[in-house]
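below are the sequence and a predicted model for it; my questions follow.
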Amino acid sequence: MTELTYLILRLAFVLVLWIFVLAVMYALRSDLFGAPVKRLQDRGNGAGNTPPQGVPAPQLAAAGQVSSPTTPAQGVGGSAHPDPAGDTAGYGAGLGADELPSAGTAGPARTLMITSGVANGTAITLDEETVTIGRSPQSTLVIVDEYTSTRHAQLSRSENGRSNSGWELTDLDSTNGTKVDGKRITGTVPLPTFTPVTIGTTTFELRP
């Protein structure tokens, strides 16, 4: 092989190496800082309350489309920071379905209402079978803050009458956990209406 051929091969190798390094850096950036945030909209009427201007991160948004339901997987890219809400009784052990607060007397839930966080007061119509929550842009409800995992939690319709709201909540092995009425849950539990759910710095509840 000629000297020119060796030079071309070296340049090609360096180029491929740089492409690999840039791809790794992009993946790390997406995992650490989350994906670009979309404007939160009321999926029932196509328009929702836009988070106030000038509010710093964390930011929260709802994707315009729902991704196909998938098998719950371990949380990816969750931050190792401590839970901002602080430790509570039973935090490490987790909370099972039988230990949840008693369900209310309201009818089936039709709305997800955000009660704290950047998008406080925003309502999202529950018109899908599954609502995914996390930092991933494919999530139905996108929450971008350092305490939320890429795939954090999932709401699914309950068909066995376990919940008065008609919905169940699953924590997808998130790093900082999902709290129902101030208590960290494990696995899938029924979610009554008007029961606060805390994920990162955002709190929401289901309403009729």
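Done, it's in. Numbering: from 1, shown residues only.

next up, phi/psi of Thr193, please.
Dihedral angles of Thr193 (phi, psi; degrees, to the nearest 10) stand at phi -70, psi 150.

er, Leu17 I mean
Phi and psi for Leu17, reported as degrees, to the nearest 10, are phi -60, psi -40.

run a quick neighbour tally on it.
Other residues near Leu17 come to 10 when the count uses other CB atoms under 10 Å. All C-beta spots, glycine's among them, are computed from the backbone N, C-alpha and C.

ok, it to Gly166 distance?
Using CB to CB, to the nearest Å, Leu17 is found at 54 Å from Gly166.

now Gly107
Counting by CB to CB - Gly107 and Gly166 are separated by 9 Å.

the more surrounded of these two?
For Gly107 versus Gly166, neighbours defined as other CB under 10 Å are more numerous around Gly166 (20 against 11).

pretty sure that one is touching Leu155, no?
No: using CB atoms under 8 Å, Gly166 is not in contact with Leu155, being 10.4 Å away.

residues of stretch 188-205 that come out buried?
Neighbour-count burial for stretch 188-205 flags 188-195, 197-205 (criterion: 16 or more other CB atoms under 10 Å).

among these, which ones are in strands?
Judged by DSSP state E, the subset of the buried residues of stretch 188-205 located in strands is 188-190, 197-199, 202-205.

possible to save those as CSV with distance to Thr148 and pLDDT?
Output for these, formatted as CSV (distance: CB to CB, whole Å; pLDDT from 0 to 100):
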residue, distance to Thr148, pLDDT
Thr188, 19, 92
Val189, 19, 92
Pro190, 23, 92
Val197, 13, 95
Thr198, 11, 95
Ile199, 6, 93
Thr202, 8, 93
Thr203, 12, 94
Phe204, 13, 95
Glu205, 17, 94
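
which single one of those residues is nearest to Tyr6?
Distance to Tyr6 across those (CB to CB) is lowest for Ile199, with 55.7 Å.

just the strands in this structure please.
Using DSSP E, strands in the chain cover 59-62, 111-116, 123-125, 130-134, 141-144, 153-157, 167-171, 179-180, 183-184, 188-190, 197-199, 202-207.
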